[in-house]
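> return a 3D structure for these sequence lines:
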Amino acid sequence: MNEPILAFAEARLSLSGRAGGRVSAPITLALAPGSLVVVDPQGAEESAMLADACAGLVAPLAGTVRFRGRDWQAMGAAEANEARAEIGHCFAGGAWLGHLSMLENLTLAQRFYGRIAEAALLAQATQLARLFGLPGVPTGRPGTLDRADLARASLVRAFLGRPALVVLEEPRHDLPPAITAPLVQAARRVRDRGGAVLWLTEGSLLGEAGIPADARYRLAGGRLIPARAERAA
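Predicted structure coming up:
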């Protein structure tokens, strides 16, 4: 049996990011190789905390979060940073470094860990940019792009390289519904090579039949509750 790419085991998370704030019920969730899981966190804070927990950036108050079989809390700093290079992340807030060019922003993690040759990395970035509706890799710095182009560039960054896990926080924000088809296509490539995708999205999209999820959940009252996809018309 294949080991999960990401596994929450009875993990209790602080959903507010503040001491004494709201805490989730124990969360158990496993993303198997090749899987796509959709979750409605029901709030921006909840979405950010789930995404941060996936990458070991916040520690669960109880239970464990494992990435490729390794407990984030048992990793040293260098090991954890190297593991995070295998995670693509579409941040809800963009998370751009304003003093760097867009190309530097997009390729920073991949360049640092040197896993893909420079020419191949640029070719892949260009291919992804066109898939998501950009004419090519954006030039200039983040402050020179409009919100829609930054949202498209965030998708490029998330899928760049060979991520074992892609975490998408509201990936359709600032973009038209038609972006779903290329998103599903990019997610399929990750899944076909044995990676996994966690798609965090608002409730109205949770049951969208065009998103071929293996499982769908809603985080309601701090509890992860299975949800059903809407029937295709």
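> beta partners of Arg66?
As for beta bridges, Arg66 partners with Ala7, Asp71 under DSSP bridges.
> that one against Glu10, yeah?
No - using CB atoms under 8 Å, Arg66 is not in contact with Glu10, being 11.8 Å away. Using the backbone N, CA and C atoms, a C-beta is placed for each residue, glycine as well.
> flag every buried residue along the lowest-mean-pLDDT helix or strand in the chain.
Taking mean pLDDT, DSSP states H and E as the measure, the helix or strand of the chain with the lowest value is helix 203-206, at a mean of 75. By neighbour count with 16 or more other CB atoms under 10 Å, helix 203-206 contains the buried residues 205-206.
> elements contacting it?
Where contact means 3 or more CB pairs under 8 Å, 6 or more residues apart in numbering; DSSP states H and E, helix 203-206 is packed against strand 36-40, strand 215-220.
> list the helices and strands whichever helix or strand comes after the shortest one packs on?
Moving toward the C-terminus from strand 36-40, the next helix or strand (DSSP states H and E) is helix 44-54. In this structure, helix 44-54 packs against strand 6-12, strand 62-67, strand 165-169, strand 196-200, with contacts taken as 3+ CB pairs under 8 Å, 6+ apart.
> could you check the pLDDT of the residue nearest the centre of the chain?
What sits nearest the mean C-alpha location of the chain, by CA atoms, centre = their mean, is Val167, with 1.0 Å. Per-residue confidence at Val167 stands at 97 (pLDDT).
> any idea how far Pro163 is from Leu31?
Distance of Pro163 to Leu31, given as CB to CB, to the nearest Å: 12 Å.
> likewise for Arg216?
For Arg216 relative to Leu31 (CB to CB), the value is 13 Å.
> what is in contact with the two at once?
Applying CB atoms under 8 Å, 6 or more residues apart in numbering, one finds that Arg216 and Leu31 are jointly contacted by Val37.
> need the contact list for Leu106.
125, 137, 153, 156-157, 160.
> go ahead and confirm the residue nearest to the centre of the chain touches Leu200.
Yes - counting by CB under 8 Å, Leu200 is a contact partner of Val167 at 7.2 Å.
> so what's the residue count around the residue lying closest to Arg189 once chain neighbours are set aside?
Distances taken as CB to CB, 6 or more residues apart in numbering put Phe159 closest to Arg189, at 7.6 Å, once the chain neighbours are dropped. For Phe159, the neighbour count with other CB atoms under 10 Å is 27.
> equivalent analysis for the one 5 residues further on, please.
Residues lying near Ala164 (other CB under 10 Å) number 21.
> okay, the residue nearest to Arg189: pLDDT?
Model confidence at Phe159 (pLDDT) stands at 97.
> what do you get for Glu3?
Note for Glu3: predicted pLDDT of 94.
> that one - that's part of a helix, no?
No - according to DSSP: H, G, I helix; E, B strand; the rest coil, Glu3 belongs to no helix; its state is coil.
> that one contacts Phe67, doesn't it?
No - using CB under 8 Å, Glu3 makes no contact with Phe67, being 10.5 Å away.
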